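K.L.:
could you look at this predicted model? Sequence included:
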Amino acid sequence: MASAASALPEGRIFAIIPARAGSKGLPGKNIAQLAGKPLYRHSIDAALAAGITDIHVTTDMAEILQSQMPDGVTLHHRPEQLARDDTPMGAVLLDLLPKAGLSEGTLVLLQPTSPLRRPETIRQGLELFARSGASMVMSVSPAERSVLKWGLLDGQRFVPLVKPDYCFANRQSLPEVVRPNGALYVFDAGRFLAAGDYAVEAIHVLPIAEDEAQDIDTAADLARCSAILSNNGNTDA
């Protein structure tokens, strides 16, 4: 485990790990075994290795709620009405933060479905948030530029997603595009609660490597992550 607690920015920093039971693509996804431990533990261990000692898991899964946790990890039983397929993460946080006494500080949101996220990435995200004045820092991956040519349908009318000129441009001339990969979000808890939503006006991005950005939604995704860990010689990530 990296001894990096002293490298973290000043002020209260805490991690939230959401682990809902329902998953259609891979039932029991958040407790599926990867490299000898359940999926959600990879995010806990990454946060601890990054130097975060205040970690909160919000879950409706009995298997997690009944498990012994490392020091610094607090379990919160998520209400049934906030554990549905269509429940947005914002609603979960708006309920959890005041109840758990987490109304102030820097919030690091770590999805269990990104188990290959590295501790140093968490530290880099926190450092970027502290020095940049960003409203949020999120991890991103490169995306195909041709998405800028896409549009929405308004009846039979094509409505460009971005600029009409992009629809007819050569792909090589289009600007670089990135996509959020879900591995890391860093933002201010108090600001979030005051606004009742994420502050998106000044999002800064943290590009991460493709193997680290893997997201698990199916059994094939889980197998791919297992292969990456094996190829990297890391079977206890």
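P.N.:
Structure's in. What do you need?
K.L.:
from D60, how far off is Q111?
P.N.:
The spacing between Q111 and D60, counted by C-beta to C-beta, to the nearest Å, is 16 Å. Just so you know, the C-beta spots here come from the backbone N, C-alpha and C atoms, and that holds for glycine as well.
K.L.:
surely I216 is in contact with P38?
P.N.:
No - assessed by C-beta atoms under 8 Å, I216 is found out of contact with P38, at 11.9 Å.
K.L.:
please identify the buried residues of the strand of greatest length in the chain?
P.N.:
Ranked by residue count under DSSP state E, the longest strand found in the chain is strand 177-188. Within strand 177-188, the residues scored as buried using 16 or more other C-beta atoms under 10 Å are 181-188.
K.L.:
avg pLDDT for the very next helix or strand once past that strand?
P.N.:
Later in the chain than strand 177-188, the nearest helix or strand by DSSP states H and E is helix 189-195. Mean per-residue pLDDT for helix 189-195: 96.
K.L.:
can you tell me what sits against helix 189-195?
P.N.:
14, 93-94, 97-98, 102-107, 135, 198-199 (C-beta atoms under 8 Å, 6 or more residues apart in numbering).
K.L.:
from the residues you listed, pick the one nearest C167.
P.N.:
Using C-beta to C-beta, Y198 comes nearest to C167 of the contacts of helix 189-195, at 29.2 Å.
K.L.:
ok, back up a step: out of I216 and P38, which sits in the more crowded spot?
P.N.:
I216 (26 against 21; other C-beta atoms under 10 Å).
K.L.:
so between Q111 and D60, which is more surrounded?
P.N.:
Taking neighbours as other C-beta under 10 Å, Q111 and D60 compare with Q111 leading, 23 against 18.
K.L.:
re earlier: now the buried residues of strand 177-188 in TSV, with distance to P160?
P.N.:
As requested, the buried residues of strand 177-188 are arranged in TSV below (distance: C-beta to C-beta, whole Å):
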residue	distance to P160
N181	25
G182	26
A183	30
L184	30
Y185	28
V186	32
F187	30
D188	34
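K.L.:
of these, which is the nearest to C225?
P.N.:
For the buried residues of strand 177-188, the nearest to C225 is A183 (12.1 Å; C-beta to C-beta).
K.L.:
so the closest one touches A209, yeah?
P.N.:
No - applying C-beta under 8 Å, one finds A183 not in contact with A209, separated by 10.4 Å.
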